[in-house]
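Trainee: Starting from these lines, generate the structure:
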Amino acid sequence: MKFGSKSLKLMAAAVGVALMGSVFAGCGGSGSGSSDEIKVGANFELTGNVANYGSASMDGLKLAVKECNDAGGINGKKINLVSADNKSEASEAVNAATKLISDDSVKVIVGPAVTANVIAESQVATDNKVPVIAPDATSPDVTVENGAVKPFIFRSCFIDPQQGSVMAKFATETLKAKTAVIYVDNSTDYSKSLGKVFKEKFEAAGGKVLDQQAFVAKDTDFKATLTTLKAANADVIFVPAYYEEVGKIVKQARELGITCPILGTDGWDDPKVADIAGADALNNTYFSTHFSDKDDSVKDFIDAFNKEYGHAPNVFAALGYDAGKMLIDAIKRAGSDDPEKIRQALEETKDLKVGTGTITIDKDHNPIKPAVILENKGGDRVMVAKIMPE
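Mentor: Numbers count the residues shown, from 1 in each chain. This next block holds a predicted model:
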């Protein structure tokens with residue numbers, strides 16, 4: 001899930017450079033610490049406007065660490081998870097990374113949850129040679145910049161282009177759609193990027209995009225543009241956006257008499273969509289996401305999470321758990337808590353069983369893993385497809 005604009009990323013990078021002098025050591029955060037522990041940083045949005053994402057990711061990570069420690073740790077060492085709250089702000093993500101590296105001497109950092117905050121953190125972590133695992137940040141820019149792979153930045157979620165491609169394939173092959181319209185959030189690169197990929201892939205498969213309209217985050221009345229989209233009489237509507245706007249869009253679309261399938265992406269993956277739109281309005285809608293609680297292959301993780309927290313995990317918790325499993329596996333294979341050896345082990349991750357399935361890290365530090373397509377149906381969410389990237 002990607003949040004923030006290009007200007008936010010540039011601002012965050014500038015803050016990172018300004019703070020660099022206080023943390024630049026070139027030693028991967030090597031500092032004094034207990035010989036019987038491995039210090040891992042957790043840089044998450046625990047307060048602020050996306051605290052629900054960061055807190056859920058943190059819960060998943062904590063479960064993975066607890067399971068490891070309860071099983072005896074790694075080579076007799078327990079993982080000491082050191083938390084820092086970035087307050088859902090890019091500048092604070094830099095501050096949090098600074099503290100974790102220079103004051104807490106962590107060997108690796110998990111988080112933040114959202115793209116802009118991960119990108120802001122990247123410079124500090126890279127210059128100090130501390131690996132980062134981003135659980136939820138789906139923008140390609142997180143791990144690759146100007147065509148070059150960032151050596152210390154990894155992720156446990158699939159990337160935006162995979163979602164756009166998967167949904168175009170689902171629309172043409174499963175729903176047999178010949179025409180589509182696209183409705184994007186013009187205030188986020190996440191939405192615009194997904195709209196672009198969907199259009200390219202849908203048309204490459206022989207479909208035709210009849211119209212594209214836009215809104216901006218925090219809009220509440222979508223009826224004018226939805227009326228325009230309705231007039232196109234397309235087979236499907238693609239809405240790659242976040243749950244607050246999605247719920248309102250779906251509700252108002254149905255009120256206007258739009259009955260065709262409405263498609264989305266992982267920004268839909270929040271129970272609040274149903275609260276806002278209503279179960280009936282959500283019928284005949286589909287979205288791509290990272291796992292399904294109806295998938296038998298993830299049952300062990302879901303049961304463990306339920307036992308620990310007393311409720312089912314959401315997608316952010318699942319991806320936080322995946323990041324924790326990646327971290328633990330890499331440290332075990334590295335045979336050391338040396339950050340450079342952990343980085344090398346992360347690059348070599350292959351056929352690792354995590355909460356959402358099995359992953360292998362590719363050359364761009366992205367996991368090769370399938371996307372799940374869920375259908376909202378009768379107040380429930382039903383898995384209708386699992387599609388591997390091409």
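Trainee: Need the nearest residue in space to residue 100, chain neighbours excluded.
Mentor: residue 41 (3.6 Å; C-beta to C-beta, 6 or more residues apart in numbering). (C-beta placed from N, C-alpha, C; glycine too.)
Trainee: wait, isn't that neighbour in contact with residue 112?
Mentor: No: judged on C-beta atoms under 8 Å, residue 41 makes no contact with residue 112 at a distance of 10.8 Å.
Trainee: Between the two, which is the more surrounded one?
Mentor: The residue with more neighbours, out of residue 41 and residue 112, is residue 112; 35 against 28, by other C-beta atoms under 10 Å.
Trainee: my guess is the more buried one contacts residue 142, does it?
Mentor: No: if you go by C-beta under 8 Å, residue 112 and residue 142 don't touch, sitting 10.4 Å apart.
Trainee: overlap in contacts of the two?
Mentor: Overlap of the contact sets of residue 112 and residue 142 (by C-beta atoms under 8 Å, 6 or more residues apart in numbering) consists of 118, 134.
Trainee: At which residues are the helices of the stretch 101-250 of the chain located?
Mentor: 115-127, 160-169, 189-204, 223-232, 243-255 (DSSP state H, counting those that start in this stretch).
Trainee: List the buried residues in the last one.
Mentor: Neighbour counts using 16 or more other C-beta atoms under 10 Å place 243, 244, 245, 246, 247, 248, 249, 250, 251, 252, 253, 254 of helix 243-255 among the buried residues.
Trainee: Would you reformat these as JSON lines and include pLDDT?
Mentor: Output for the buried residues of helix 243-255, formatted as JSON lines (pLDDT from 0 to 100):
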{"residue": "243", "pLDDT": "86"}
{"residue": "244", "pLDDT": "87"}
{"residue": "245", "pLDDT": "95"}
{"residue": "246", "pLDDT": "96"}
{"residue": "247", "pLDDT": "96"}
{"residue": "248", "pLDDT": "97"}
{"residue": "249", "pLDDT": "98"}
{"residue": "250", "pLDDT": "98"}
{"residue": "251", "pLDDT": "98"}
{"residue": "252", "pLDDT": "98"}
{"residue": "253", "pLDDT": "98"}
{"residue": "254", "pLDDT": "98"}
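Trainee: Now flag whichever of those is closest to residue 365.
Mentor: The nearest member of the buried residues of helix 243-255 to residue 365, counting by C-beta to C-beta, is residue 243 at 27.5 Å.
Trainee: what residues are up against that closest one?
Mentor: Contacts of residue 243 by C-beta under 8 Å, 6+ apart are 267, 268, 269, 270, 272, 273, 276.
Trainee: Please name the nearest non-neighbouring residue to it.
Mentor: Using C-beta to C-beta, 6+ apart, the closest residue to residue 243 is residue 270 (4.0 Å).
Trainee: The one you found and residue 86, how far apart?
Mentor: 20 Å (C-beta to C-beta, to the nearest Å).
Trainee: if we can go back for a sec, does the residue nearest to residue 243 really touch residue 314, like I thought?
Mentor: Yes: with contact defined as C-beta under 8 Å, residue 270 counts as touching residue 314 (6.9 Å).
Trainee: what about the residue nearest to residue 243, neighbour count?
Mentor: 21.
Trainee: Would you verify that it is located in a strand?
Mentor: No: the assignment for residue 270, made by DSSP: H, G, I helix; E, B strand; the rest coil, is coil rather than a strand.
Trainee: what's the spacing between it and residue 248?
Mentor: 13 Å.
Trainee: helices and strands of this protein: which one bottoms out on pLDDT?
Mentor: helix 6-23 (a mean of 39; mean pLDDT, DSSP states H and E).
Trainee: For the very next helix or strand once past it, buried residues please.
Mentor: Going down the chain from helix 6-23, the next helix or strand is strand 37-44, by DSSP states H and E. If you call a residue buried by 16+ other C-beta under 10 Å, then strand 37-44 has these buried ones: 38, 39, 40, 41, 42, 43, 44.
Trainee: pretty sure the third one contacts residue 109?
Mentor: Read it as residue 40. Yes: using C-beta under 8 Å, residue 40 is in contact with residue 109, at 7.5 Å.
Trainee: show me what contacts the residue positioned nearest the centre of the chain?
Mentor: Nearest to the mean C-alpha position of the chain, by C-alpha atoms, centre = their mean, lies residue 136 at 2.2 Å. Listed by C-beta under 8 Å, 6+ apart, the contact set of residue 136 reads 1, 53, 57, 113, 114, 157, 316, 319, 320.
Trainee: swap in residue 327?
Mentor: 40, 64, 108, 110, 133, 342.
Trainee: Give me the neighbour count for the second one.
Mentor: Burial of residue 64 is recorded as 25 neighbouring residues (other C-beta under 10 Å).
Trainee: shaky segments in the chain?
Mentor: 1-34 (pLDDT under 70).
Trainee: How many neighbouring residues does residue 175 have?
Mentor: 17.
Trainee: Just the CA atoms of stretch 137-154, as CSV, please.
Mentor: What follows is stretch 137-154, C-alpha atoms only, in CSV (Å, rounded to 0.1, in the frame of the first residue of the first chain):
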residue,chain,number,x,y,z
ALA,A,137,4.8,-0.6,1.1
THR,A,138,3.9,-1.6,-2.5
SER,A,139,5.5,1.1,-4.6
PRO,A,140,8.3,-0.1,-6.9
ASP,A,141,10.3,3.0,-5.7
VAL,A,142,10.7,1.5,-2.3
THR,A,143,13.4,-1.0,-3.4
VAL,A,144,14.5,0.4,-6.8
GLU,A,145,15.5,4.0,-7.5
ASN,A,146,16.4,5.3,-10.9
GLY,A,147,16.9,1.7,-12.1
ALA,A,148,19.3,0.7,-9.3
VAL,A,149,18.3,-1.7,-6.6
LYS,A,150,18.7,-0.3,-3.1
PRO,A,151,21.0,-2.8,-1.5
PHE,A,152,19.6,-2.7,2.1
ILE,A,153,15.8,-2.3,1.4
PHE,A,154,13.5,-5.3,1.1
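Trainee: follow-up on the earlier one: columns distance to residue 236 on top of the buried residues of strand 37-44, output as TSV?
Mentor: Below are these laid out as TSV (distance: C-beta to C-beta, whole Å):
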residue	distance to residue 236
38	48
39	49
40	43
41	42
42	39
43	38
44	35
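Trainee: I appreciate the help and will end here.
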